[in-house]
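**Q** predicted structure and sequence below. I'll ask about it afterward.
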Amino acid sequence: MGKVAIIAVFALGAISVGTYRLTGNAAIIGISAMVLVTLAVLGLILYIVIVRPELAVLEGTELVLYKQITLGAKDMLPPAENVSSIAGPVALATKADEKPEAGKE
């Protein structure tokens, strides 16, 4: 998002330099263009931050690596919600020592 903001600043600077000496309707059109560019850029930034936050934070190689990891993780199981119910090595060892009940194998 930093590159979009830099481009917006230069666009606003160019429009303001072009509008500086104008009077009348031309000045109003120039000011309107500056307001329009500002609102469009702010809208774009807010849209990307809300809908695609990874694009707002990452860029270049980091974004490509993030996309590769997310695509590779699509077939993985979701993380367990209740970690306390996961049997650890101690619980597994004690279950192996237990003798089966009569009639069950």
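**A** Here it is on my side, so go on.
**Q** and the helix or strand hosting residue 18, average pLDDT?
**A** Using DSSP states H and E, residue 18 falls within helix 2-19. Confidence over helix 2-19 (mean pLDDT, whole number) is 85.
**Q** quick check: what element follows it along the chain?
**A** Using DSSP H and E, the helix or strand that directly follows helix 2-19 along the chain is helix 25-51.
**Q** circling back: which strands and helices lie in contact with the helix holding residue 18?
**A** Contact here means 3 or more C-beta pairs under 8 Å, 6 or more residues apart in numbering; DSSP states H and E; on that basis helix 2-19 packs against helix 25-51. Heads up, the C-betas are built off the backbone N, CA and C, glycines and all.
**Q** which SSE is immediately downstream of the helix it packs on?
**A** helix 53-57.
**Q** how about that following helix: buried residues?
**A** Neighbour-count burial for helix 53-57 flags residue 56 (criterion: 16 or more other C-beta atoms under 10 Å).
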